[in-house]
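From the sequence below, what's the structure:
(one chain, ligands or ions: 1)
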Amino acid sequence: MIAFDTVTYAYGDTTVLADVSLTIDDGAFAVLVGPNGSGKSTLLRLTNGLLVPDSGTVSVDGRIVSENLVAARTAVGMVFQHPRDQFVAATVGADVAFGPENLGLDRREIDDRVDRALAAVNMEGRTTDRIDALSGGEQARVAIAGALAMEPTHLVLDEPFTGLDDPARRSVRDQLRTLSRDGTSIVVSTHTPRLVSDQADHFVALEDGRVRLVDEFDSGLKTPADDPQDSRVQEG
Ligand SMILES: Nc1ncnc2c1ncn2[C@@H]1O[C@H](COP(=O)(O)OP(=O)(O)OP(=O)(O)O)[C@@H](O)[C@H]1O
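Numbering: from 1, shown residues only. Next up, the predicted model:
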């Protein structure tokens with residue numbers, strides 16, 4: 001379980017999250033929505049200790065994140081908004097292997113994890129492909145594979161559909177659905193909640209530093225209007 005308990009976070013004088021309390025159960029599929037600048041990325045980065053609350057606590061599987069960074073980063077796989085920013089190697093296989101290598105696993109286990117992670121995103125056999133030669137959708141899937149190779153219990157993705165065309169969005173969406181069905185909890189921030197509304201257990205709406213948890217897809221949820229799908233959402 002990922003739990004926020006009265007979490008406040010500010011950048012300088014600007015408070016982005018104010019007394020946020022929220023739990024995301026194991027195996028849940030949670031969708032985080034909110035206007036531009038509402039704090040979605042900030043909230044996600046608190047889940048694995050990239051940011052530390054000014055007050056309150058964030059815990060993962062019962063452990064306070066800031067006190068157990070290794071445990072949190074093992075349990076929470078993070079996929080950043082721009083996949084290119086998170087690649088560390090030139091080829092698919094080397095990049096996906098990077099995390100498990102840092103866990104000090106033996107070579108065979110690393111290779112097995114890379115194979116499983118690439119299979120989970122329909123990229124099996126692509127280990128020698130150069131990342132800079134992949135399409136945006138393929139890069140997004142490799143970024144997810146990199147997180148999966150750590151075998152996290154929770155997968156947190158920051159706007160994984162941004163910049164993808166419709167087939168690539170659907171492909172990434174389908175991978176998330178499969179992972180969710182296999183028991184991984186998913187927390188995904190998106191400007192296009194309609195894309196994942198069928199599989200979401202709940203929506204977390206972020207506005208003015210506060211969260212509102214809703215179980216049903218709510219046409220009143222505020223999302224940025226920079227995407228045609230979102231305009232429809234805002235208009236209900
Ligand atoms: N490193 C930083 N320093 C100062 N202010 C920041 C920093 N990062 C984010 N902010 C500000 O904090 C607020 C929340 O940013 P955040 O990126 O969490 O929002 P978001 O909901 O993810 O936005 P978007 O939908 O545009 O990606 C914004 O006003 C942003 O300008």
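
Three-state assignment for residue 104, please.
coil (DSSP: H, G, I helix; E, B strand; the rest coil).

May I have the phi/psi pair for it?
Residue 104 adopts backbone torsions of phi 80, psi 20, taken as degrees, to the nearest 10.

Got the confidence number for it?
Residue 104 is assigned 88 on the pLDDT scale.

And the one 3 residues further on, by the same measure?
At residue 107, the pLDDT value in this model is 96.

how far away is it from the ligand?
38 Å (C-beta to the nearest ligand atom, to the nearest Å). Quick note: C-beta positions are derived from backbone N, CA and C, even for glycine.

now do residue 55
When residue 55 is compared with the ligand (using C-beta to the nearest ligand atom), they lie 17 Å apart.

Same check on residue 74?
Counting by C-beta to the nearest ligand atom, the gap from residue 74 to the ligand is 24 Å.

Wait, that residue touches residue 149, no?
No - contact criterion C-beta atoms under 8 Å: residue 74 and residue 149 do not qualify, at 11.7 Å.

Which one's more surrounded, those two?
More neighbours surround residue 149 than the other of residue 74 and residue 149, with 27 against 18 (other C-beta atoms under 10 Å).

now the more buried one, nearest residue through space, not along the chain?
Nearest residue to residue 149, sequence neighbours excluded (C-beta to C-beta, 6 or more residues apart in numbering): residue 117, at 4.1 Å.

Now do the same contact list for residue 115.
residue 124 (C-beta atoms under 8 Å, 6 or more residues apart in numbering).

Low-confidence stretches in the chain?
214-236 (pLDDT under 70).

Get me the contact residues on it for the ligand.
Taking C-beta under 6 Å from any ligand atom as the criterion, the neighbours of the ligand within the chain are 11, 16, 34, 36, 37, 38, 39, 40, 41, 42.
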